[in-house]
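> Sequence and predicted model, in that order:
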Amino acid sequence: MARPDAEQIRQLLQRHEASERIRQNQQGLGRPIIAGKFHGHQIVAVKNTVHWSPTWKTFPDFLADYIKRVIGPEWGNAEIAKPFQQRHPLMQWYDTYCRYQQATIAKPGVVSEATITGIVACYLGLAYSLYLLDHNVELQELLVRRLKDPANFQGAYYELMVANILVRAGFTLTLEDETDRQSKHCEFAATSKQTGKKYWVEAKMRAVSGLFGKTDIDGTSDPNPLSRLIPHLNRALAKPAADERLIFIDLNGERDDPAAGTPAWVEAAAKRLEQYEAKETVAGTQAYVFVTNMSYHRNLDELPAGSALPFGLGMPDFNRPGYLRLREGHALKMKHIDAHHIGEMFGKYLQFPQTFDGGLPSEAFGQGTGRVLIGETYRFGDGNGGEIVGTVTTASVSEEESRVYIGVTGSDGVARILSNPLSPDELADYRANREAYFGRIQPVGRKITSRVEFFDWLMSTNKNLPREELLGRLARAPDIDALRSATNDELLAAYCEGMVAAFEASGFKTDAAPDQHETV
């Protein structure tokens, strides 16, 4: 057997890198889904437990069965036997989710497409959170008991949401001993795989009468969503923490209107936290605080909407209003990169893996002409009833036309440009995986709406420039002497900042107005 040459090995590595990027875009940075097919059954391994079924076509199919196994059929059936209003909130969700499935599944056993609503966000989101904790850390029996207890369901549900986000954002979680009632401790610890930093995590959700089984006895009727913000923050800070803190506080307020822009509570929460920081905390107190409003449960039949405000308590250089040089902003982003990754993952909470292997849904379930991979050889139609055998050298997508344009070098040595239509599913997969879609990681053009976006795009496209080349391009910079001792990342930031300035000087227009507070 002939051994692969250097070019073939390079192409294999590029394929793997692109496939892994697509998988991570679906699954996040936690442990990959472990699954396979055996005698007509779909197999899924969750840590040390193997689950199987002949009926699972998609990963959400598995999740819908998995949550039943976690809570136990005996408990679930006992709840279903009760009148609807007396059931546990989780089993009320189950009833609503079943009705959602009946309304959206056109033909049982056939994969169908449906819009995610509040009930999917709640029920399937909880199932995915349980799976992620079970597969990546440990699913403690006490946590499952808390979920089944109406008095503790809300707290356990929000803790699972936070654990979901942290696992997918690339953190390793360490659970605390929940049976230890002798001392105060945070919910769990989280260690960043990228930076190695360890954080202690607290998660609190405002209890509102009429929601999650709460009454006027254990919930508030105050319509102000910030009514429990500071008490929750005080309770979180009262817990001992040997490392940095991540504090998550959900307002449990009315559903945010996506069409209205930034929710009104964001500015009010930021001002209240700034006041708290200035007048009500002990000097030196620091914490990354994420104020959220993940109120999917309030509108189960509507499109889900949620927002998060990151705030650096005692950290005036994190997510505060003001103007910075682009390279200064980049340096601060890298300083607080773990918090940035958490913020990004809040925006992806409602993205559930569709396939078991991390592949593209359009290839697993959809119909279309099929994706081409750069470097592979295919048979293409020539438009005249014949065919061309050619190797793909480049490919790009026109989203407006829903077409892919393919550069091909035929077996006759002639270069050609061919095109194929993209199905709606293929176009959706391309938009979710632009850089990796054609089998290798490559920068792609996109609409630039701000100078920060332009700077970030330049950083991405030029990240592989050698140090000596960067120094050469910066040779005429007024601070070149200082730059010679800078890190490679600092050099790249300086170069890209200069590129933005040069483009703007030539007439390139960007929106330079920064947001006052970042929300996701």
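Alright, I've got the coordinates. Numbering: from 1, shown residues only.
> Low-confidence bits of this protein, can you list those?
1-2, 177-185, 510-520 (pLDDT under 70).
> for it, longest strand please?
strand 387-398 (DSSP state E).
> Now do the buried residues in that one.
388, 390, 392, 395, 397 (16 or more other Cβ atoms under 10 Å). All C-beta spots, glycine's among them, are computed from the backbone N, C-alpha and C.
> could I get the residues you listed as CSV with distance to Glu504?
Formatted as CSV, those follow (distance: Cβ to Cβ, whole Å):
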residue, distance to Glu504
Ile388, 44
Gly390, 41
Val392, 36
Ala395, 31
Val397, 28
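> nearest to Glu302, of those residues?
Nearest to Glu302 out of the buried residues of strand 387-398 is Val397 (Cβ to Cβ; 31.9 Å).
> The closest one touches Leu422, doesn't it?
Yes - between Val397 and Leu422 there is a contact at 6.8 Å, judged by Cβ atoms under 8 Å.
> between those two, what contacts are shared?
403-404, 430 (Cβ atoms under 8 Å, 6 or more residues apart in numbering).
> and Phe171, backbone torsions?
Dihedral pair for Phe171: phi -110, psi 150, per degrees, to the nearest 10.
> Oops, could you answer that again for Tyr288 instead?
phi -80, psi 120.
> got it, and the one 10 residues further on?
Backbone torsions of Arg298, given as degrees, to the nearest 10, read phi -80, psi -20.
> about what we covered before: want to throw the shared contacts of Val397 and Leu422 into CSV with distance to Lys204, secondary structure and neighbour count?
Below are these laid out as CSV (distance: Cβ to Cβ, whole Å; DSSP: H, G, I helix; E, B strand; the rest coil; neighbours: other Cβ atoms under 10 Å):
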residue, distance to Lys204, secondary structure, neighbour count
Arg403, 50, strand, 16
Val404, 48, strand, 23
Tyr430, 40, helix, 21
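> Now render those as CSV, adding distance to Arg298.
Below are these laid out as CSV (distance: Cβ to Cβ, whole Å):
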residue, distance to Arg298
Arg403, 41
Val404, 41
Tyr430, 34
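> And the residues you listed, which is closest to Gly359?
Tyr430 (14.0 Å).
> I'd say the closest one and Leu422 touch.
Yes - with contact defined as Cβ under 8 Å, Tyr430 and Leu422 form a contacting pair (6.8 Å).
> what's the overlap in contacts for these two?
Contacts common to Tyr430 and Leu422, judged by Cβ under 8 Å, 6+ apart, are 397, 404.
> Helix or strand next in line after the helix or strand in which Ala35 is found, which one?
Assessed by DSSP states H and E, Ala35 sits inside strand 34-38. Counting by DSSP H and E, the next helix or strand C-terminal to strand 34-38 is strand 41-46.
> Can you tell me what sits against that following strand?
Residues from elsewhere that reach strand 41-46 (Cβ under 8 Å, 6+ apart): 33-37, 50-54, 56-57, 62, 66, 131, 134-135, 356.
> Out of the residues you listed, which sit inside helices?
62, 66, 131, 134-135 (DSSP state H).
> Tabulate those residues (JSON lines), appending distance to Asn224.
Formatted as JSON lines, these follow (distance: Cβ to Cβ, whole Å):
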{"residue": "Phe62", "distance to Asn224": "41"}
{"residue": "Tyr66", "distance to Asn224": "38"}
{"residue": "Tyr131", "distance to Asn224": "35"}
{"residue": "Asp134", "distance to Asn224": "37"}
{"residue": "His135", "distance to Asn224": "39"}
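> could I get those residues as CSV with neighbour count and distance to Arg15?
Output for the ones in helices among the contacts of strand 41-46, formatted as CSV (neighbours: other Cβ atoms under 10 Å; distance: Cβ to Cβ, whole Å):
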residue, neighbour count, distance to Arg15
Phe62, 25, 27
Tyr66, 20, 31
Tyr131, 25, 28
Asp134, 17, 31
His135, 21, 26
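> Going by distance to Asp149, which of the residues you listed wins?
Among the ones in helices among the contacts of strand 41-46, and counting by Cβ to Cβ, the member closest to Asp149 is Asp134, at 19.2 Å.
> Not counting residues beside it along the chain, what's closest to the closest one?
In space, and not counting its chain neighbours, Asp134 is closest to Val46: 5.3 Å by Cβ to Cβ, 6 or more residues apart in numbering.
> What is the neighbour count of that neighbour?
If you count neighbours by other Cβ atoms under 10 Å, Val46 ends up with 22.
> where's the residue lying closest to Thr96 once chain neighbours are set aside relative to Asp301, distance?
Of all residues not flanking Thr96 in the chain, Ile119 sits nearest, at 4.7 Å (Cβ to Cβ, 6+ apart). Separation of Ile119 from Asp301 (Cβ to Cβ, to the nearest Å) stands at 7 Å.
> Looking at the two now, which is surrounded by more residues?
Per other Cβ under 10 Å, whichever of Ile119 and Asp301 has more neighbours is Ile119, with 26 against 11.
> and the helix or strand that that one is a member of, what other elements does it pack with?
In this assignment (DSSP H and E), Ile119 forms part of helix 118-119. Here helix 118-119 touches helix 89-104, going by 3 or more Cβ pairs under 8 Å, 6 or more residues apart in numbering; DSSP states H and E.
> Can you mark which positions in the helix or strand containing Lys68 are buried?
With elements taken from DSSP H and E, the one containing Lys68 is helix 59-71. Using 16+ other Cβ under 10 Å as the test for burial, helix 59-71 gives 59, 61-64, 66-67, 70-71.
> Could you tell me the angle between that helix and helix 89-104?
150 degrees (axes from the mean of the first three to the mean of the last three Cα atoms, to 10 degrees).
> In terms of distance to Gly347, which of the ones in helices among the contacts of strand 41-46 ranks first?
Tyr131 (20.4 Å).
> What distance do you get for the residue lying closest to the closest one once chain neighbours are set aside to Thr355?
In space, and not counting its chain neighbours, Tyr131 is closest to Tyr66: 5.8 Å by Cβ to Cβ, 6+ apart. Per Cβ to Cβ, Tyr66 is found 16 Å from Thr355.
> on that earlier part again, Gly472: which of the buried residues of helix 59-71 is nearest?
Phe59 (48.5 Å).
> Let me see the contact set for the residue nearest to the closest one when sequence neighbours are not counted.
Excluding the flanking residues, the one nearest Phe59 by Cβ to Cβ, 6+ apart is Pro353, at 4.6 Å. With Cβ under 8 Å, 6+ apart as the criterion, the residues that contact Pro353 are 26-27, 33, 59.
> Could you point out which of those is nearest to Asp256?
Using Cβ to Cβ, those come closest to Asp256 at Gln26, 25.4 Å.
> Contacts for the one helix or strand that closest one maps to, please.
Applying DSSP H and E as the criterion places Gln26 in helix 6-27. Helix 6-27 is contacted from outside by 4, 32-33, 168, 351, 353-355, 357-360, 373, 375, 432-433, 435-441, using Cβ under 8 Å, 6+ apart.
> how about that helix: buried residues?
Taking 16+ other Cβ under 10 Å as the criterion, helix 6-27 shows 11, 14-15, 18-19, 21-27 as buried.
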